[in-house]
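**Q** Coordinates for the following, if possible.
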Amino acid sequence: MGKIVRMNSADGFLLASAIDSTDIAAEAARIHNTSPTASAALGRALSLASLFGKTLKVQGGSVTLQFKGGGPGGSLIAVSDNDGNVRGYIQHPNVDVPRKPNGKLDVGGLIGGEGNLTVIKDLRMETPYIGTVGLLSGEIAEDLAAYFAKSEQVPTACAAGVLINPDGTVSCSGAYMIQLMPGYGAEKVDKLERQILQAGNVTDMLRDGLGPEEILRKVVADEELIVIEELDVQYKCYCSRDRVESALVSIGAEEIESLITEQGMAEVTCQFCDKVYNFTLDELNEILEIARNK
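**A** Numbering: from 1, shown residues only. Got it, this is the predicted structure:
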């Protein structure tokens, strides 16, 4: 389980949330058997997607973050429901890149910075909202902050980190997101920027034993913060056999006929949780009839 804490400043001009996503990042790394840098990239994206998803006010809504930067890791996807539960994957989970000269994992080098971040918000309307911004670095957090500034006109500070043990497992993972509402003064912005720098990175704070609330109080030290919500979140996939059947129907009768002719069965693996769904020849013939009658 991960834990999110959401807080407001007493005057209402600052919204802040933080997550300890250690268990979530560890579960994602286990499912996808990721390299150390891929574990860090995926953990960062899942952490921030969870915080973003929890801001949605529509029951059943979701937000998807798609990072496509042209790097060797390929595309990275993180999806959160409106309760902050997340799932995700990276296209090439086993690929790794050399560390930076300072010894830190080079997430930007794995994802690449020559592409886009696409945000898809499903608010249960006829069509989802889709916003795209160019990547700044592929380091995840600053790219999401750029999205908020350009697409939603909300000044936002994002930070995320994943610390990897020498054996490649996840030691700790977390993130915070601070958003400023109209009326937050320029002098206060300058002070907040200094506090963010002084607070240090997320993984150091987690390693020192700070929880989400303590992280926010350290980062936003001069504000009177009020806790508005605390909740547990998890890595959660919504795949099911019925959903996979619907996906097979959607590929069309011609593709299903090819599966029947060439393989006589189908094996479908969920990209989010690696669960395998097998369909026999008889089951494929039933699905083919449904596709023909659509």
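
**Q** From now on I want contacts and neighbour counts done on CA atoms only, so please keep to that.
**A** Fine.

**Q** What residues of stretch 111-130 count as buried?
**A** For stretch 111-130, burial by neighbour count (16 or more other C-alpha atoms under 10 Å) applies to Ile111, Gly112, Gly113, Gly115, Asn116, Leu117, Thr118, Val119, Ile120, Lys121, Asp122, Leu123.

**Q** Any idea how far stretch 160-179 is from the middle of the chain?
**A** Relative to the mean C-alpha coordinate of its chain, stretch 160-179 is positioned 13 Å out (C-alpha atoms, centre = their mean, to the nearest Å).

**Q** That stretch: which residues count as buried?
**A** Buried residues in stretch 160-179 (16+ other C-alpha under 10 Å): 160-164, 169-179.

**Q** Out of these, flag the one nearest to Tyr129.
**A** Checking the buried residues of stretch 160-179 against Tyr129 with C-alpha to C-alpha, the nearest one is Gln179 at 20.1 Å.

**Q** how much space between that closest one and Leu135?
**A** Look at Gln179 and Leu135: by C-alpha to C-alpha, to the nearest Å, they are 20 Å apart.

**Q** what stretches of the protein score poorly on pLDDT?
**A** For the chain, no stretch is flagged by pLDDT under 70.

**Q** Repeat the analysis, applying 80 as the threshold.
**A** For the chain, residues meeting the criterion pLDDT under 80 lie at 185-187, 294.

**Q** those helices in it, which residues are they?
**A** Under the criterion DSSP state H, the chain contains helices at 22-32, 36-53, 107-111, 141-151, 186-199, 202-207, 212-219, 241-250, 253-262, 281-292.

**Q** between those helices, which one is nearest to Tyr235?
**A** It's helix 22-32; of those, that one is closest to Tyr235 (C-alpha to C-alpha) at 5.3 Å.

**Q** in that closest one, what's buried?
**A** Thr22, Asp23, Ile24, Ala25, Ala26, Glu27, Ala28, Ala29, His32.

**Q** who's in contact with the third one?
**A** Contacts were defined as C-alpha atoms under 8 Å, 6 or more residues apart in numbering; by that measure Ile24 touches Met1, Gly2, Gly43, Leu46, Gln234, Tyr235.

**Q** just checking, what's the longest strand in the protein?
**A** strand 170-180 (DSSP state E).

**Q** helices or strands next to it in the packing?
**A** When contacts are defined as 3 or more C-alpha pairs under 8 Å, 6 or more residues apart in numbering; DSSP states H and E, strand 170-180 sits against strand 14-20, helix 22-32, helix 36-53, strand 156-164, helix 202-207.

**Q** how about those in a markdown table, adding distance to Glu245?
**A** A markdown table is the format used below for the helices and strands packed on strand 170-180 (distance: least, C-alpha to C-alpha, whole Å):
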| stretch | distance to Glu245 |
| --- | --- |
| strand 14-20 | 35 |
| helix 22-32 | 23 |
| helix 36-53 | 27 |
| strand 156-164 | 36 |
| helix 202-207 | 41 |
